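Student: here is a sequence together with a model predicted from it:
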There are 2 protein chains.
Amino acid sequence: MNIKDTTQFIQPFGVDIDLENGIMHNPTNHLVRNASDMLGYYENEDALQQLIEAESNPLHYEVFEVPVPEEYGHLMYCISTLQPGKVGDEYYMTKGHYHTILETGEIYLCLKGEGYMMMKTPDGEWKAEKMMKGRMVYVPPYWAHRSINTGNVPLISFCVYPGDAGHNYGDISEEGFPARIFYKDEKIVIEEA
Amino acid sequence: MNIKDTTQFIQPFGVDIDLENGIMHNPTNHLVRNASDMLGYYENEDALQQLIEAESNPLHYEVFEVPVPEEYGHLMYCISTLQPGKVGDEYYMTKGHYHTILETGEIYLCLKGEGYMMMKTPDGEWKAEKMMKGRMVYVPPYWAHRSINTGNVPLISFCVYPGDAGHNYGDISEEGFPARIFYKDEKIVIEEA
């Protein structure tokens, strides 16, 4: 084997995760998005403003991670916990992102809740994959992705992506996703924009 | 963004996993290792031979996967289910492997059971990380790794590694791991070889 300088070996470690409540204990990074962080993302901006005022800017989603080197060969991972709720008729969702290195995919293992992974390619093709406990969704390279909670409990996923992938939130926030998910006429409805 | 030829886009998909029983439904690959596949791996070869005869070559472990392209940017994933049991005093374990591309790591999220992830670098440093439900073990680039079941139920893990990593079982089977895990004097004991 090709053995490199041993100073390159980083030490193994373990991270404790509460799979039931979607919490990573002692995370190094804890990203919190409240309703006010989602301005511009939902179809009904007035409903979002009302929600922020009426419910004191409620929690939208959290991402917990213990980062590793952002390099080829490492694997970044996180717990994503998206609250249940609606903005007008539209189900709570994450902002969504492409990876900075477009040629990198991501794996979501759903641990709790119900919803969809909404995905799109840079040329506008889209697909929504169902998420539920025990379902793993494969987000292939090139697909932007956002999770959407259509259930009554938090949608909890364990996510893994290549260490060098990076996040690109800007492009998808300008493009938007081609479809949205609503609760209308007592049904979950996926509507093209 | 740099948009490649859209024929390169593979479609998203979902895979259903029984998190409680460690089974991937409709896997494309289902690797099964029985006791007879483990000849040469345990300290007490006679005990392994007796086990094979007395218990009709019992199941050792299974790996379920739905493969993706073995290329940079993709993520391979699997469910690994290791049965409880002992060969003599030594707990059931997997063969263990390096990745063909040494500079690639692996993530194990333990979903059920109790045990250890035994790891070693090519220059002989080793570390054992505890596995239990909700504990994620980070196997950094360069570390060979094997799981060991010290509990009474199957040790079930969800694993993710880079698509281009590859498996190298040969080197570690010649080197062996520097430590083994036994049940002695009513305790779990980690012994250096």
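Tutor: Yep, that arrived.
Student: low-confidence ranges, chain A, go.
Tutor: Scanning chain A for pLDDT under 70 picks out A:1-8.
Student: could you rerun that using 90?
Tutor: For chain A, the stretches flagged by pLDDT under 90 are A:1-9, A:25-28, A:66-67, A:193.
Student: show me where it has its helices.
Tutor: A:45-54, A:170-175 (DSSP state H).
Student: nearest to chain B, of the ones you listed?
Tutor: Closest to chain B of the helices of chain A, according to Cβ to the nearest Cβ: helix A:170-175, at 5.9 Å. (Glycine included, C-beta is placed from N, CA and C.)
Student: please name the nearest non-neighbouring residue to A:Gly151.
Tutor: Here the nearest residue to A:Gly151 in space, its sequence neighbours aside, is A:Glu114; by Cβ to Cβ, 6 or more residues apart in numbering or on different chains that works out to 3.6 Å.
Student: which residues does the one you found bridge with?
Tutor: A:Met132 (DSSP bridges).
Student: is it true that it touches A:Arg135?
Tutor: No. A:Glu114 lies out of contact with A:Arg135 (Cβ atoms under 8 Å); the separation is 9.5 Å.
Student: distance of the residue nearest to A:Gly151 from A:Tyr142?
Tutor: 26 Å (Cβ to Cβ, to the nearest Å).
Student: who's more crowded, these two?
Tutor: Set A:Glu114 next to A:Tyr142 and count neighbours by other Cβ atoms under 10 Å in any protein chain shown: A:Tyr142 wins out with 25 against 19.
Student: show me what contacts the residue nearest to A:Met93 when sequence neighbours are not counted?
Tutor: Closest residue to A:Met93 apart from its sequence neighbours, by Cβ to Cβ, 6+ apart: A:Ile148 at 4.3 Å. Counting by Cβ atoms under 8 Å, 6 or more residues apart in numbering or on different chains, A:Ile148 touches A:82, A:91-94, A:115-118, A:128, A:155, A:181.
Student: what about 7 Å?
Tutor: A:91, A:93, A:115-116, A:118, A:181 (Cβ atoms under 7 Å, 6 or more residues apart in numbering or on different chains).
Student: for it, give the beta-bridge partners.
Tutor: A:Met93, A:Tyr116.
Student: with neighbour count added, can I get the contacts of A:Ile148 in JSON lines?
Tutor: Formatted as JSON lines, the contacts of A:Ile148 follow (neighbours: other Cβ atoms under 10 Å in any protein chain shown):
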{"residue": "A:Tyr91", "neighbour count": "22"}
{"residue": "A:Met93", "neighbour count": "25"}
{"residue": "A:Gly115", "neighbour count": "26"}
{"residue": "A:Tyr116", "neighbour count": "24"}
{"residue": "A:Met118", "neighbour count": "25"}
{"residue": "A:Ile181", "neighbour count": "23"}
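Student: can you tell me which two in these are farthest apart?
Tutor: Put simply, by Cβ to Cβ the two of the contacts of A:Ile148 set farthest apart are A:Tyr91 and A:Met118, 10.3 Å from each other.
Student: and A:Pro122, how many neighbours?
Tutor: A:Pro122: 19 surrounding residues under other Cβ under 10 Å.
Student: again, but for the one 4 residues further on
Tutor: Using other Cβ under 10 Å, the number of residues around A:Trp126 comes to 17.
Student: ok, the one 5 residues further on next?
Tutor: Summarising burial for A:Met131: neighbours were counted as other Cβ under 10 Å, giving 29.
Student: likewise for A:Ser36?
Tutor: By the measure other Cβ under 10 Å, the count of residues near A:Ser36 is 13.
Student: right, and it touches A:Asn57 too?
Tutor: Yes. Between A:Ser36 and A:Asn57 there is a contact at 5.0 Å, judged by Cβ atoms under 7 Å.
Student: for the closest residue to A:Asn149 other than its chain neighbours, what are its contacts?
Tutor: Spatial nearest neighbour of A:Asn149, excluding adjacent residues (Cβ to Cβ, 6+ apart): A:Leu155 at 4.0 Å. By Cβ under 7 Å, 6+ apart, the contact set of A:Leu155 is A:82, A:113-115, A:131, A:147, A:149.
Student: mind running it again at 6 Å?
Tutor: A:82, A:113, A:115, A:149 (Cβ atoms under 6 Å, 6 or more residues apart in numbering or on different chains).
Student: closest to A:Tyr169 out of the residues you listed?
Tutor: A:Leu82 (15.9 Å).
Student: show me the contacts for that closest one.
Tutor: So A:Leu82 contacts A:61, A:147, A:149, A:155 (Cβ under 6 Å, 6+ apart).
Student: same deal with A:Ile107?
Tutor: A:160, B:75, B:77, B:160.
Student: try A:Ile79
Tutor: Taking Cβ under 6 Å, 6+ apart as the test, what A:Ile79 contacts is A:17, A:22, A:24, A:64.
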